[in-house]
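Participant: Below are the sequence and a predicted model for it; my questions follow.
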Amino acid sequence: MKPRPSIYIPELESHIDTDLVFKPNPVFAEMETYAKEKNIPIVTAATGAVMSHLVSLLRPKQILELGTGLGYSTLWMAVGSPNSKFVTIDRHEEQASLLEDYAKKMGIFDQIHVKRVTASVMDYLEKEKLEWSESDLFFVDCDKITYPEIFRILWKEANPGSYFLFDNMLWHGRVLAPDPKKPSDLAVMALWNEVKSQVSGYTLYPVGDGLLFFQKDKK
């Protein structure tokens, strides 16, 4: 597997994640090593730190995460807001179940509130609306071709004042010259168009592969 293309000049991103990001628990570095060895995509350490900081300020009651991975981003957010309830969705049970193992290694397993669901993201959104619609922060980091549809579903059903985070919004720099033949490129650009046309304000954090943050207007 080719190394993930970075939006930064050579070696800068690895320097940021290795030497400049404060990691509140050494297990995060262990997870990064495992993800690299097994070719499991996870957010960067810098992205995780930004997310942890954001939720520490917002203190959401319930966070819905679409795309568990191995629980790296879940645990960054849980460290930032340990009183929040998390519902995290992924179809890969064996991989996602590592979240519990790493939480135990960190010594926070009994202190955080995480419900892990094994399911297709789209199936879950269709069948479990009563559970996820009460979330007040949504983090989306799953199959990019589903991004526009996920936005439309969540944006319609989320409560006013809810917060949203979408990862990979710079898509390895391909937003500069998207390939019209690649569905993932088209999907990321389509989401940008949706956000620009419907969201009153948003912030792009240029960490990792681009972290997009916005809020649904309060009534």
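Facilitator: Cool, the structure landed.
Participant: low-scoring pLDDT stretches of the protein, where are they?
Facilitator: Applying pLDDT under 70 to the chain picks out residues 1-3.
Participant: Tell me where it has strands.
Facilitator: Ranges of strands within the chain are 62-66, 85-90, 113-118, 137-140, 163-166, 202-205, 211-215, based on DSSP state E.
Participant: Can you name the residues in contact with the last one?
Facilitator: Contacts of strand 211-215 with the rest of the structure, by Cβ atoms under 8 Å, 6 or more residues apart in numbering, involve 43, 47, 50-51, 54, 161-167, 169, 195, 199, 201-205. All C-beta spots, glycine's among them, are computed from the backbone N, C-alpha and C.
Participant: Please apply the same query to the second one.
Facilitator: Outside strand 85-90, the residues within contact range by Cβ under 8 Å, 6+ apart are 61-69, 71, 74, 77-78, 96, 99, 112-119, 121, 124, 131-132, 135, 142.
Participant: Show me which of those residues are buried.
Facilitator: Those of those that meet the buried threshold are 62-69, 71, 74, 77-78, 96, 99, 112, 114, 116-117, 121, 124, 132, 135, 142, by 16 or more other Cβ atoms under 10 Å.
Participant: buried residues in the helix ranked longest in the chain?
Facilitator: Criterion DSSP state H: the longest helix present in the chain is helix 183-198. Neighbour-count burial for helix 183-198, with 16+ other Cβ under 10 Å as criterion, is recorded at 184-189, 191-192, 194-195.
Participant: so who does the nearest residue to Gln95 once chain neighbours are set aside touch?
Facilitator: Nearest non-adjacent residue to Gln95, counting by Cβ to Cβ, 6 or more residues apart in numbering: Leu70, 5.7 Å away. Applying Cβ under 8 Å, 6+ apart to Leu70 gives the contacts 31, 34-35, 40, 42, 95-96, 98-99, 102.
Participant: Alright, calling it a day.
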